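Undergrad: output the structure for:
(2 chains)
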Amino acid sequence: MELMIENVSHHYGETHVLEDISFTLKDGEIICIIGPSGCGKSTLLRFIGGLEQPTSGQVLIAGEAPSGSLNPLTYIFQDFALLPWRTVEGNVSLVLEDHGIHGSRANAIINDVLARTKLADFRKALPRQLSGGMKQRVAIARALAVNPAVMLMDEPLSALDSQTRELLLDDLVELWSREKFSACYVTHNLAEAVRLGHKIVVLSRRPGRVRQIVEIDMPLGERFERMGELEETQRHLWNLMREEARAADMELADVA
Amino acid sequence: MSLDTTHAPVTSAAVPRPVAPSGARPVPFRGGGFRHKPLGFVGPLVFVALIALWELGSRTGFISPIALPAPSEAFAAFMDLVQTGMLWTHLEASLYRLVVGWTFGSLLGVSVGLAIGLFSFVRAGFLPLVSALFPIPKIALLPLFIVWFGIGEGSKVATILFGTFFPTVIATYGGVDNVDRNLIRMGQSFGLSWLSIVRKIIIPGALPAILSGFRISASIAIVLLVAAEMIGAEFGIGAYILMAGALFATDQLICGVAMLSILGLTISFFIGKAEKYFLNWRT
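TA: Down below sits the predicted model:
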């Protein structure tokens, strides 16, 4: 399954948020979207997931979702979006219940995804008892439970401290090596982008335009060991962004 | 911390412990003082002390029995109620009105509040109406209620029902509005049905606000109960207090008021239990 973003533009009233964004997400590929704050990264992700509609342009799906995929386009949110009144397993089963999956079938899926995210011991815990990293792993488990074709990740690691972020980054790389999911990964963290992205889409400040699409050939599994070689890419990205980021920082936030 | 070039094995013994020079003193403590400590025994103690002081004042004649009867006299009036069996008659009448009025008021209030929270059309149509009717003291409408629902139980139940309905509506739709939008977006992004989102995300999310609305509506219900019973009732705590006042039986009056206070405390105790049970997911 491929996603094609075609000439997407958007404005809220007079404010132009995104202008003429186009790129393609191929099967099994991770695209990172980076850009200064307020450039419309998250808005773009909401268009891709069908939660909002752009003023013009469209997002197209090509090919069938793999069979058994309950929710082909699946989100992972920055603030985890776990229901605080449900336990870990309750939060996972939430997304299965509407597909009529109950009882032992649901149990099997929950066991599987919790094992894959190393949460098997925390089935009955409530979100308030979990650390930030664990909460995000629950959100990842919930996403895995519906067998997504594309994961849409909106700054999934931004709410975490830097050690936890490293750990989860490793987990994501490991997960990708096993499952080869495709993903759109919005972040403002360049280090995350070069660790995870096959392609990195650099957006300019508002109105967000594609400044450059940087491809990185190095296999994800080797990137931790060969961090030195990525340094240059990261510096290149930073050079692209520096002025934009500075200007964006001086802007008044007049759009929600 | 300097980066030493010697590669000494890192053990706890290798870290030199600082030696305090003479004249070193502890940093003066400046924190504390504004944090509350749980002192559960103080509350009841104040109660007991106040009542003891009051009793003492009455016994010594410092407090005139016409101005305020002694607590022991009020208690005697209470025992009188128990012995004649009138306690149950009054209590039954009051509890019936309270329970029926509050239950239906709350049920209707929660339903209308949810509808206002969920449907733009209902909100546009009903919210101005609710805002207009909420500030009317329902007791002012009692004569109308008597005409509509009769002098019997109907008008009293209706007063309580209307009095609890509006605050519940407002608490409920406020709770719905305050449910984390991101949780709803999450539900939508996983393709949950509309009903699932309402049932599994919006209602549990609004529950804290609904329960605290219950707390307020319960005390409003008690106020309205007494007011309604003072206007036209044979039995009930309000009628008992009114009668006592008319006869200047201040001991009975104090006894009735104390019963109301205990009734209120009991209700708030049960709502507290309900909050503990339903909201155990909160910290």
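
Undergrad: let me know the average pLDDT across the longest helix belonging to chain B.
TA: Counting residues, the longest helix found in chain B (DSSP state H) is helix B:86-118. Averaged over helix B:86-118, pLDDT sits at 94.

Undergrad: check stretch B:124-136 too.
TA: 91.

Undergrad: pull the residues that contact that stretch.
TA: Here stretch B:124-136 makes contact (CB atoms under 8 Å, 6 or more residues apart in numbering or on different chains) with B:112, B:115-116, B:166-167, B:169-170, B:173. All C-beta atoms are positioned from the backbone trio N, CA, C, and that covers glycine.

Undergrad: go with 6 Å
TA: Identification of contacts with stretch B:124-136 by CB atoms under 6 Å, 6 or more residues apart in numbering or on different chains yields B:116, B:166, B:169.

Undergrad: do stretch A:124-143 as well
TA: Contacts of stretch A:124-143 (CB under 6 Å, 6+ apart): A:74, A:76, A:80, A:82, A:84, A:87-88, A:91-92, A:95, A:113-114, A:117, A:119, A:160, A:164, A:168, B:281, B:283.

Undergrad: ChimeraX command for the buried members of these?
TA: To isolate the buried ones among these in ChimeraX, judged by 16 or more other CB atoms under 10 Å in any protein chain shown, type:
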select /A:74,76,80,82,84,87,88,91,92,95,113,114,117,119,160,164,168 /B:281
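
Undergrad: in strands, which of the contacts of stretch A:124-143 fall?
TA: Here DSSP state E is the test, and these give A:74, A:76 as lying in strands.

Undergrad: what residues does the stretch 101-250 of chain B put near chain A?
TA: The stretch 101-250 of chain B has residues B:182-183, B:186, B:189-193, B:196, B:204 near chain A, with proximity defined as CB under 6 Å from any CB of the partner chain.

Undergrad: which of the residues you listed are buried?
TA: B:183, B:186, B:189-192, B:196, B:204.

Undergrad: can I get the residues you listed in a markdown table including pLDDT and distance to residue A:141?
TA: A markdown table is the format used below for these (pLDDT from 0 to 100; distance: CB to CB, whole Å):
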| residue | pLDDT | distance to residue A:141 |
| --- | --- | --- |
| B:183 | 94 | 17 |
| B:186 | 93 | 14 |
| B:189 | 91 | 16 |
| B:190 | 92 | 13 |
| B:191 | 90 | 18 |
| B:192 | 92 | 17 |
| B:196 | 93 | 19 |
| B:204 | 94 | 21 |
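
Undergrad: check which residues of the helix or strand harbouring residue B:80 are buried.
TA: If you go by DSSP states H and E, residue B:80 is part of helix B:71-84. Residues of helix B:71-84 classed as buried: B:71, B:73-75, B:77-78, B:81 (neighbour count, 16+ other CB under 10 Å).

Undergrad: need the contact partners of that helix.
TA: When contacts are defined by CB under 6 Å, 6+ apart, helix B:71-84 is touched by residues B:51, B:54-55, B:87, B:251-252, B:254-255.

Undergrad: among the contacts of stretch B:124-136, who's most crowded?
TA: residue B:169 (29 neighbours; other CB atoms under 10 Å in any protein chain shown).

Undergrad: what does the stretch 1-150 of chain A have sitting close to chain B?
TA: Residues of the stretch 1-150 of chain A lying near chain B (CB under 6 Å from any CB): A:49, A:71, A:75, A:79, A:81, A:84-85, A:95, A:98, A:126, A:128.

Undergrad: make a PyMOL selection of the buried ones in the residues you listed.
TA: The PyMOL command for the buried members of those (criterion: 16+ other CB under 10 Å) is given here:
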select buried, chain A and resi 49+71+75+79+81+84+85+95+98+126
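
Undergrad: out of the residues of the stretch 1-150 of chain A next to chain B, which comes closest to residue B:224?
TA: Distance ranking of those against residue B:224, using CB to CB, places residue A:85 first at 32.9 Å.

Undergrad: just to check, the closest one is in contact with residue B:206?
TA: No - contact criterion CB atoms under 6 Å: residue A:85 and residue B:206 do not qualify, at 11.4 Å.

Undergrad: what helix or strand is the closest residue to residue A:247 other than its chain neighbours on?
TA: The shortest distance from residue A:247 to any non-neighbouring residue, by CB to CB, 6 or more residues apart in numbering or on different chains, is to residue A:205 (5.7 Å). Using DSSP H and E, residue A:205 falls within no helix or strand.

Undergrad: for residue A:205, phi and psi?
TA: phi -70, psi 170 (degrees, to the nearest 10).

Undergrad: verify the stated contact: it with residue A:37.
TA: No - judged on CB under 6 Å, residue A:205 makes no contact with residue A:37 at a distance of 8.8 Å.

Undergrad: gap between residue B:243 and chain A?
TA: 48 Å (CB to the nearest CB, to the nearest Å).

Undergrad: for the stretch 151-256 of chain A, what spans make up the helices?
TA: Assigned by DSSP state H, counting those that start in this stretch, the helices in the stretch 151-256 of chain A fall at A:162-179, A:190-196, A:227-249.

Undergrad: and among the ones you listed, the most buried is which?
TA: helix A:190-196 (a mean of 22; mean count of other CB atoms under 10 Å in any protein chain shown).

Undergrad: helices and strands around that helix, which ones?
TA: strand A:30-34, helix A:227-249 (3 or more CB pairs under 6 Å, 6 or more residues apart in numbering or on different chains; DSSP states H and E).

Undergrad: okay, the angle between the last one and strand A:30-34?
TA: Okay, so that is helix A:227-249. Interaxial angle of helix A:227-249 relative to strand A:30-34 (axes from the mean of the first three to the mean of the last three CA atoms, to 10 degrees): 40 degrees.

Undergrad: so what secondary structure elements neighbour the host helix or strand of residue A:20?
TA: Following DSSP H and E, one finds residue A:20 within strand A:15-25. The contact analysis (3+ CB pairs under 6 Å, 6+ apart) places strand A:15-25 against strand A:2-12.

Undergrad: thinking again about what came up before, turn the residues of the stretch 101-250 of chain B next to chain A into TSV, including secondary structure.
TA: What follows is these, written out as TSV (DSSP: H, G, I helix; E, B strand; the rest coil):
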residue	secondary structure
B:182	helix
B:183	helix
B:186	helix
B:189	helix
B:190	coil
B:191	coil
B:192	coil
B:193	coil
B:196	helix
B:204	helix
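
Undergrad: for chain A, what's the nearest residue on the stretch 101-250 of chain B?
TA: residue B:186 (3.8 Å; CB to the nearest CB).

Undergrad: which residues touch the closest residue to that residue other than its chain neighbours?
TA: Distance criterion CB to CB, 6+ apart; nearest residue to residue B:186, sequence neighbours excluded, is residue A:81 at 3.8 Å. Applying CB under 6 Å, 6+ apart to residue A:81 gives the contacts B:182-183, B:186.

Undergrad: point out where the stretch 51-200 of chain A drops to low pLDDT.
TA: Within the stretch 51-200 of chain A, the set of residues satisfying pLDDT under 70 is empty.

Undergrad: measure stretch A:223-231 end to end?
TA: 11 Å (CA to CA, to the nearest Å).

Undergrad: tell me what angle the helix or strand hosting residue B:219 forms with helix B:86-118.
TA: Using DSSP H and E, residue B:219 maps to helix B:203-231. For helix B:203-231 against helix B:86-118, the angle by the same axes, to 10 degrees is 140 degrees.

Undergrad: middle-most residue in the chain, spatially?
TA: Went with chain A since none was named. With distances taken as CA atoms, centre = their mean, residue A:153 lies nearest the centre of chain A, 1.4 Å away.

Undergrad: meant chain B, my bad for not saying
TA: Residue closest to the mean C-alpha point of chain B, counted by CA atoms, centre = their mean, is residue B:215 at 3.0 Å.
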